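[1] let's see this in three dimensions:
(one chain, ligands or ions: 1)
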Amino acid sequence: MSFRHYKSFGIFLLVLNAFAFVEPAKAADRLIVDHSKKPIDTTSGLGYEYTFKVKSHQSAKIVEGADFIVATDMPSMPGAHHMPHVRSEPGHHPGTYTIKLDFDMPGEWNLILKFSKPFREQVVIRDTVEKYGASTGNKTDHSTHNMDHSGHSHKKKKE
Ligand SMILES: [Cu+2]
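    Here you go, the predicted structure:
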């Protein structure tokens, strides 16, 4: 890195500082979040893995390196549920993030995404959660497995 690079980086920091001084709290940008979900295997039948795609409203570009926790609440019964907060993990594709939630009740839920990166923001997503697999009857039944192998003969072959 040459001195010139250091110098321009210094100017960049100065500009950044100046901006922060003028606009101390308000973020100029907003985050746009799309979501999709797929069921995961939980005994509740209410477990889902969510994938969130995070974009900048200003640039319409995907946001990498975001970090957020997700809190949950049912709008019809505020404060009644106390599911643990979940922290986002990077997804398979750039700008995507995943979380797993095991809901304790089907119905309308709010997912409250509390971002710390790229900046502090809260995005609320409304989603309907349905119970899956309740009447399909095709669950793998492990109750018939016999793990007792005492009847087997595993004698070593003598050569
Ligand atoms: Cu509820």
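[2] name the residues of this protein found near the ion, please.
    Contact residues (CB under 5 Å from the ion) of the chain with the ion: Met74, Met77, Met105. Heads up, the C-betas are built off the backbone N, CA and C, glycines and all.
[3] just checking, the first one touches Trp109?
    Spelled out, that is Met74. Yes: taking CB atoms under 8 Å as the definition, Met74 is a contact partner of Trp109 at 5.8 Å.
[4] contacting residues around Gly79?
    When the contact criterion is CB atoms under 8 Å, 6 or more residues apart in numbering, the partners of Gly79 are Asp73.
[5] which helix or which strand is home to it?
    Here Gly79 is covered by no helix or strand, with elements defined by DSSP states H and E.
[6] ok, it to the ion distance?
    When CB to the ion, to the nearest Å is applied, the distance between Gly79 and the ion equals 10 Å.
[7] kindly report the same for Asp127.
    From Asp127 over to the ion the distance is 14 Å, taken as CB to the ion.
[8] number of nearby residues for the closest residue to that residue other than its chain neighbours?
    Ranked by CB to CB, 6 or more residues apart in numbering and with sequence neighbours excluded, the top spatial neighbour of Asp127 is Trp109, at 5.6 Å. Taking other CB atoms under 10 Å as the neighbour definition, Trp109 ends up with a count of 21.
[9] for Trp109, give me its contacts.
    Going by CB under 8 Å, 6+ apart, Trp109 touches Thr72, Asp73, Met74, Pro75, Phe103, Arg126, Asp127, Thr128, Val129.
[10] what does Met105 give?
    Applying CB under 8 Å, 6+ apart to Met105 gives the contacts Leu46, Met74, His81, Val129.
[11] so the first one makes contact with Val129?
    It stands for Leu46. Yes: at 6.2 Å, Leu46 and Val129 qualify as touching, with contact defined as CB under 8 Å.
[12] what do the two both touch?
    Shared contacts of Leu46 and Val129, defined by CB under 8 Å, 6+ apart, comprise Phe103, Met105, Pro106.
[13] for Phe52, state which of those residues is nearest.
    Ranking the shared contacts of Leu46 and Val129 by separation from Phe52, with CB to CB as the measure, puts Phe103 on top at 16.7 Å.
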